[in-house]
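Participant: Sharing a model that was predicted from the sequence below.
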Amino acid sequence: MKLSELYTKTSKTVPADEPSRNAQLLIKAGFIHKEMAGVYSYHPLGKRVLDNIEQIVREEMNAIGGLEIRMSVLQPKEIWEKTNRWDDAVVDNWFKTRLKSGHELGVGLTHEEPITASLIPFISSYKDLPAFPYQIQTKFRNELRARSGLMRGREFLMKDLYSFCRDQAQHDSFYEKAAEAYMKVYQRLGIGDFTYRTYADGGYFTQKFSDEFQTLSEIGEDIIYLDEHKKIAVNKEIYRPDILQKLGLKKEDLVEKRAVEVGNIFPLESKYPDELGLNYLDEQGNKQSVVMGSYGIGISRLMGLIAEHFADSKGLVWPKSVAPALVYLIRIDDEDEIVKQADELYRQLKNEGFDVLYDDRNIRAGEKFADADLMGIPYRIVISKNTVAQGVVELKERTSDEVKSVQFTDISNQLAR
RNA sequence: CGGGGAUUGGCGCAGUUGGCUAGCGCGCCGCGUUUGGGACGCGGAGGUCGGAGGUUCGAGUCCUCUAUCCCCGACCA
């Protein structure tokens, strides 16, 4: 992408009504726009980051047998009444709306009920199981108070997968596979080394535990107790002597840490399938309950976390796997020969499959350097009168101060994806 | 949902005890000088002060209501 064609621009100031560091940086860099509290739009660079995270999640879900679907956002209240989750006294962050006729509808905040109900026509035999549908979709939750920028919004992008298994053993096996897939996602996003599987309350769904994935970060809202040796953590909400004993953890081995919840997986047993009438016949012709699980990853929350966690005083610092581009190509001096060589280098890198932001604007060099840093692009290449005279370009990584001179023919070898 | 603060061009802000055509910086447009870390000069465009009602000769400034945003708390599948 040529920056002369990008309509967004960076800003020196941030909106006074945006206190969250991740949103401040992303707004400053022109990646997102705040529509209202807890609601953000994504401009081209922000959309690219979101897409990159989404694609990593998609690949790992596909790898464990997930089948991508798209559920409706508008939902009939009847199925939620069957599981007693329609009443605001039970689930208090619904967005609800009405048809012209006056009939009430829900705006999707999660999809256990509709996905379960929608499988009824297809699941009737043990031969039809297991099933692992998932989707990546905008969710709506009417939080009383939105905050933390992209990390807790009223509208946010989420991956939700649901597992339907014939028995507990089949479920347990998939559940563990899903947990491993989650860790692969975090590894690829560059946060794997400080993200921990964490025991948490099963919440509204069950009386048992659920598993959270918590990324250690000072910006987190959650407190966890971590056994660094065993690499197991416990959420503060269930940090009690009886539970530690049950999990085989010793209080003296645990350290208190601040963390961001980047995923949550729930064993749901048969609650929703039973209540909604999803079941199957086994080999003997006996009616059996389906065992369900749900698996969420907040895509937009991950973007906020990564933006804020890695940022430095100059701006964003994206890991290569999610950066909106791999290379920020700066052209200094606008003599014909420089322009020609820079254009040529841009074409060449694009042809080789590198994602390049080409700063071809007629502005001062300092602004280009500042923008390259603020946008957090992993590699910066500078081509100028000086470099062309020597037949080289300058290459610098966002995370380092070292500036290397690189021969034209060697550039692509120097770029690690 | 309880308590507190705020709302003035695209963004950040100022605006005395109410008083003339509402200012400043950034950004934007034009011209010129500049040109390797967000340059400088000159000239411009752009706001009716969140909304409604009221007090007053006169309201951005005072009063009432309301909306939104932010903070603290509660809540958070």
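Facilitator: Yep, it's here.

Participant: So for the one helix or strand residue A:412 maps to, what gets flagged as buried?
Facilitator: Per DSSP states H and E, residue A:412 falls inside helix A:411-414. Under the neighbour-count criterion of 16 or more other C-beta atoms under 10 Å, helix A:411-414 has residue A:411 buried. In short, each C-beta sits where N, CA and C put it, glycine included.

Participant: Going by neighbour count, which residues of the least confident helix or strand in chain A by mean pLDDT are buried?
Facilitator: When the helices and strands of chain A are scored by mean pLDDT, DSSP states H and E, helix A:241-247 comes last with a mean of 87. By neighbour count with 16+ other C-beta under 10 Å, helix A:241-247 contains the buried residues A:243-244.

Participant: Then stretch A:333-343?
Facilitator: Buried residues in stretch A:333-343, counted by 16+ other C-beta under 10 Å: A:338, A:341-342.

Participant: ok, of these, which one's closest to residue A:215?
Facilitator: The closest of the buried residues of stretch A:333-343 to residue A:215 turns out to be residue A:342 (C-beta to C-beta; 38.8 Å).

Participant: ok, that closest one - contacts?
Facilitator: Counting by C-beta atoms under 8 Å, 6 or more residues apart in numbering, residue A:342 makes contact with A:329, A:331, A:358, A:360, A:383.

Participant: cool, and residue A:153?
Facilitator: Taking C-beta under 8 Å, 6+ apart as the test, what residue A:153 contacts is A:38-40, A:143, A:146, A:300.

Participant: List the neighbours of stretch A:188-196 that are in contact with it.
Facilitator: Residues from elsewhere that reach stretch A:188-196 (C-beta under 8 Å, 6+ apart): A:53, A:56, A:60, A:183-184, A:186-187, A:213-217, A:224, A:226, A:231-233, A:259, A:262, A:302, A:305-306, A:309-310, A:319, A:321-322.

Participant: now with 7 Å?
Facilitator: A:53, A:56, A:183, A:186, A:213-216, A:226, A:231, A:233, A:262, A:302, A:306, A:319, A:321-322 (C-beta atoms under 7 Å, 6 or more residues apart in numbering).

Participant: Buried only: go through those for me.
Facilitator: So, by 16+ other C-beta under 10 Å, the buried ones in the contacts of stretch A:188-196 are A:53, A:56, A:183, A:186, A:213-216, A:226, A:233, A:262, A:302, A:306, A:319, A:321-322.

Participant: which residues in chain A form helices?
Facilitator: Assigned by DSSP state H, the helices in chain A fall at A:21-28, A:44-63, A:77-82, A:112-119, A:168-188, A:241-247, A:271-276, A:299-310, A:336-351, A:365-375, A:385-390, A:411-414.

Participant: how far is the second one from where the chain is centred?
Facilitator: Computed by C-alpha atoms, centre = their mean, to the nearest Å, the chain-centroid distance of helix A:44-63 equals 8 Å.

Participant: Quick check: residues of the stretch 51-200 of chain A near RNA strand B?
Facilitator: A:85, A:90-94, A:109-110, A:143-147, A:152 (C-beta under 7 Å from any atom of the strand).

Participant: thinking residue A:350 is in contact with residue A:356, fair?
Facilitator: Yes - judged on C-beta atoms under 7 Å, residue A:350 makes contact with residue A:356 at a distance of 6.0 Å.

Participant: So between those two, which is more surrounded?
Facilitator: Higher neighbour count among residue A:350 and residue A:356: residue A:356, with 23 against 14, using other C-beta atoms under 10 Å.

Participant: Next one: the more buried one, what pLDDT does it get?
Facilitator: Confidence at residue A:356, expressed as pLDDT, is 98.

Participant: Show the pLDDT at the spatially most central residue of chain A.
Facilitator: Geometric centre of chain A, nearest residue: residue A:299, 2.3 Å, by C-alpha atoms, centre = their mean. Looking at residue A:299, its pLDDT is 96.

Participant: Kindly state the beta-bridge partners for the nearest residue to residue A:214 once chain neighbours are set aside.
Facilitator: Closest residue in space to residue A:214, ignoring its immediate chain neighbours: residue A:259 at 3.7 Å, by C-beta to C-beta, 6 or more residues apart in numbering. Bridge pairing for residue A:259 (DSSP bridges) gives the partners residue A:216, residue A:222.

Participant: Can you get me a residue count around residue A:35?
Facilitator: Counted with other C-beta under 10 Å, residue A:35 comes out at 11.

Participant: which residues touch the residue lying closest to it once chain neighbours are set aside?
Facilitator: Once flanking residues are discounted, residue A:35 sits nearest to residue A:41: 5.7 Å by C-beta to C-beta, 6+ apart. Shown in contact with residue A:41 (C-beta under 7 Å, 6+ apart): A:32-33, A:35.
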